[in-house]
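Q: With the input below, show me the fold.
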Amino acid sequence: MNSIQGKVILVTGAGQGLGAEIAKTVAADGATIIACDVKADKLDQITSEIRNAGGKISTFLMDVTDEKNVEDVLRKAVQEHGKLDVLVNNAGIDFTKSVEDLSIEEWDKVIKVNLRGPFILSKLAFPYLLKSGQGHIVNIVSTASKRTWSEASAYHASKWGFLGFSHALHVEARQKGIKVTAVIAGGMKTPFILERFPEAEPNLQDPKNVADTVKFVLTQPAETVIPEVMVIPMRETSWP
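A: Below is the predicted model of the structure:
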């Protein structure tokens, strides 16, 4: 297995939930974290946790739907750290509403964050990942990209599209020596789910388990890539 020590890893949506767990997990193994989120207070919290544990982290406010903001953050991050080795597209949102109740503006917001955002990040990070010589893009997808349930039409549309984009990007990037992996995560004990469905907690998995899978993907030998991996709790209710 390869080491991630010394690698510079950018994580979107890093302020809480799975993003924070990914940041802490890879930082503990010696990676330098570029934590990005739209919430400054959440970034302060993850920064304190990682630095108190002896890890390396820098933070940037980032709106993944704003290409100018993304471009500026990438440029500043690479200027600060000298390179970018890994991009983790983790940021995501949802509205629990029926098609009848979901507004057009809410639909557009979900698609912008969950699908347009990863495209912008991947496109603008691509030159830096090429220069790294060991670039890797990890896309945090969802079982929502494989099945559907009610009151999540925009989320499903975004995640089905995200999985398709991830595999298409894998085909293109592979030819240039950049790895692309879709990590399909089942339900986790994160605010993303628990703030809306607290009763689901017994059926959910610790986000640290998914973060460990991300680390596993990143430590594969240079000649090996994992295009897709699914990680679900034993009592997953959205997957057979």
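Q: Contacts for the helix with the most length in the chain next, please.
A: Taking DSSP state H as the criterion, the chain has its longest helix at helix 153-174. With C-beta atoms under 8 Å, 6 or more residues apart in numbering as the test, helix 153-174 has contacts from 92, 94-95, 98-99, 102, 106-107, 110-111, 113-115, 118-119, 122, 126, 135, 137, 139, 141-142, 144-146, 148-149, 179-182, 184, 225, 227-228. Glycine gets a C-beta too; all of them are placed from N, C-alpha and C.
Q: Centre of the chain to it, how far?
A: Taking C-alpha atoms, centre = their mean, to the nearest Å, one finds the center of helix 153-174 at 13 Å from the center of the full chain.
Q: Send me that helix as PDB with only the CA atoms.
A: The C-alpha trace of helix 153-174 is given here as PDB (Å, rounded to 0.1, in the frame of the first residue of the first chain):
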ATOM      1  CA  SER A 153     -36.100  13.900  -6.500                       C
ATOM      2  CA  ALA A 154     -33.500  16.700  -6.900                       C
ATOM      3  CA  TYR A 155     -31.100  14.800  -4.700                       C
ATOM      4  CA  HIS A 156     -31.500  11.600  -6.700                       C
ATOM      5  CA  ALA A 157     -31.100  13.500 -10.000                       C
ATOM      6  CA  SER A 158     -27.900  15.100  -8.800                       C
ATOM      7  CA  LYS A 159     -26.400  11.900  -7.400                       C
ATOM      8  CA  TRP A 160     -27.300   9.700 -10.500                       C
ATOM      9  CA  GLY A 161     -25.700  12.500 -12.600                       C
ATOM     10  CA  PHE A 162     -22.700  12.700 -10.200                       C
ATOM     11  CA  LEU A 163     -22.000   9.000 -10.500                       C
ATOM     12  CA  GLY A 164     -22.200   9.100 -14.300                       C
ATOM     13  CA  PHE A 165     -19.900  12.100 -14.300                       C
ATOM     14  CA  SER A 166     -17.400  10.300 -12.000                       C
ATOM     15  CA  HIS A 167     -17.200   7.300 -14.300                       C
ATOM     16  CA  ALA A 168     -16.900   9.500 -17.400                       C
ATOM     17  CA  LEU A 169     -14.100  11.500 -15.700                       C
ATOM     18  CA  HIS A 170     -12.400   8.200 -14.700                       C
ATOM     19  CA  VAL A 171     -12.200   7.200 -18.400                       C
ATOM     20  CA  GLU A 172     -10.700  10.600 -19.400                       C
ATOM     21  CA  ALA A 173      -8.400  11.200 -16.400                       C
ATOM     22  CA  ARG A 174      -7.000   7.600 -16.400                       C
END
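Q: Would you map the strands across the protein?
A: 8-12, 32-37, 56-61, 86-89, 136-140, 179-185, 228-231 (DSSP state E).
Q: so what's the residue positioned nearest the centre of the chain scoring on pLDDT?
A: What sits nearest the mean C-alpha location of the chain, by C-alpha atoms, centre = their mean, is Asn90, with 1.9 Å. Listed pLDDT for Asn90 reads 97.
Q: these two touch, right, Val38 and Phe60?
A: No. Judged on C-beta atoms under 8 Å, Val38 makes no contact with Phe60 at a distance of 10.5 Å.
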